[in-house]
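S.K.: What follows is a protein structure lacking sequence information:
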């Protein structure tokens, strides 16, 4: 796989992971104002994790070609 493609996958993975960590830090630091806000942020983290997994799978498919 070309270096530019690696850079794109790695960039996206890092950005998603950074966002997940920000939300997790917010939650663990007591930043949620109520249970509704907590569940919303948990859903966002789950969505980001799913997106990260899709990027990793796509990268693996490109590398195996």
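M.R.: Now that the structure is in, tell me what you want to look at. Computed from a predicted structure; not experimentally measured.
S.K.: how about the helices in the chain?
M.R.: In the chain, the helices defined using DSSP state H lie at 3-28, 35-64.
S.K.: what's the least confident stretch among those?
M.R.: Lowest mean pLDDT within the helices of the chain: helix 3-28, a mean of 92.
S.K.: ok, back up a step: what would the helices of the chain look like in CSV with mean neighbour count?
M.R.: From N, CA and C alone the C-beta is placed, and that goes for glycine too. Output for the helices of the chain, formatted as CSV (neighbours: other CB atoms under 10 Å):
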stretch, mean neighbour count
helix 3-28, 13
helix 35-64, 13
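S.K.: From the centroid of this protein, which residue is nearest?
M.R.: By CA atoms, centre = their mean, the mean C-alpha position of the chain lies nearest to residue 16, the distance being 3.1 Å.
S.K.: So it versus residue 30, what's the distance?
M.R.: 24 Å (CB to CB, to the nearest Å).
S.K.: Now residue 32, what are its backbone angles?
M.R.: phi -80, psi 130 (degrees, to the nearest 10).
S.K.: who's in contact with it?
M.R.: 26, 38, 41 (CB atoms under 8 Å, 6 or more residues apart in numbering).
S.K.: Can you tell me how far the last one is from residue 22?
M.R.: Distance of residue 41 to residue 22, given as CB to CB: 10 Å.
S.K.: Repeat that for residue 16.
M.R.: Counting by CB to CB, the gap from residue 16 to residue 22 is 11 Å.
S.K.: ok, now residue 11?
M.R.: With CB to CB as the criterion, residue 11 and residue 22 are 17 Å apart.
S.K.: Equivalent analysis for residue 37, please.
M.R.: Applying CB to CB to residue 37 and residue 22 gives a distance of 15 Å.
S.K.: And residue 39, by the same measure?
M.R.: In terms of CB to CB, residue 39 sits 17 Å off from residue 22.
S.K.: Check residue 5 too.
M.R.: Relative to residue 22, and taking CB to CB, residue 5 is found at 26 Å.
S.K.: What residues does residue 43 make contact with?
M.R.: Counted by CB under 8 Å, 6+ apart, residue 43 has zero contacts.
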